[in-house]
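Asks: my questions concern the predicted model and sequence given below.
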Amino acid sequence: MKSKLISIPYTVGIIKPHIALRDNKVDEIYKILDEHNFEVFHQKRKIFSNEEVLNLFYNYQQKDFYKEIHEHMMTAESIVMLLINKVDKVWDEEKQEDVKLESPIVRWKQLIGNKDPE
């Protein structure tokens, strides 16, 4: 019997070391994710290698903050999360109907806002 692969829309979120070390802040982030209908499908704590940081922040290598963030990401564990939509639809009070959630990528970008490395 052949098994079928199911495509699940997802995105990756990273909690940086200075926050990942503070359990109360991590709990706040998980609460916010839950309130915004994200599910942490999988997570892993890890210290990024030099190569991983280079890949993650490749587009920012020419920015003034790059050296600082490069060093920071290798100082302690970050939390890497695989995020999916917790539900397919949510109630829209204004429209008075269920509306389909956008993809986790779009919703994550809306939630975290500006790409400021701070």
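Replies: All right, it came through fine. Because the structure is a prediction, the values reported are computed rather than measured.
Asks: tell me the centre residue of the protein?
Replies: Among the residues of the chain, the one closest to the centroid is residue 13, at 1.6 Å (Cα atoms, centre = their mean).
Asks: next, it: secondary structure please.
Replies: Three-state assignment for residue 13 (DSSP: H, G, I helix; E, B strand; the rest coil): strand.
Asks: neighbours of the closest residue to it other than its chain neighbours, how many?
Replies: Of all residues not flanking residue 13 in the chain, residue 81 sits nearest, at 4.5 Å (Cβ to Cβ, 6 or more residues apart in numbering). (Each C-beta comes from the backbone N, C-alpha and C, glycine too.) When neighbours are defined as other Cβ atoms under 10 Å, residue 81 has 22 of them.
Asks: bridging residues for residue 81?
Replies: Residue 81 has the following beta-bridge partners by DSSP bridges: residue 13, residue 43.
Asks: what does residue 90 give?
Replies: residue 99.
Asks: gap between it and residue 77?
Replies: 33 Å (Cβ to Cβ, to the nearest Å).
Asks: tilt between the longest helix along the chain and strand 11-15?
Replies: Secondary structure of the chain per DSSP state H: the longest helix is helix 23-35. Inter-element angle recorded for helix 23-35 and strand 11-15: 160 degrees (by axes from the mean of the first three to the mean of the last three Cα atoms, to 10 degrees).
Asks: which strands and helices lie in contact with helix 23-35?
Replies: Applying 3 or more Cβ pairs under 8 Å, 6 or more residues apart in numbering; DSSP states H and E, we find helix 23-35 packed against strand 11-15, helix 17-20, strand 38-46.
Asks: dump the residue contacts of the residue lying closest to residue 50 once chain neighbours are set aside.
Replies: Take residue 50 and drop its neighbours on the chain: the residue closest to it by Cβ to Cβ, 6+ apart is residue 74, 6.7 Å away. Listed by Cβ atoms under 8 Å, 6 or more residues apart in numbering, the contact set of residue 74 reads 47-50, 53.
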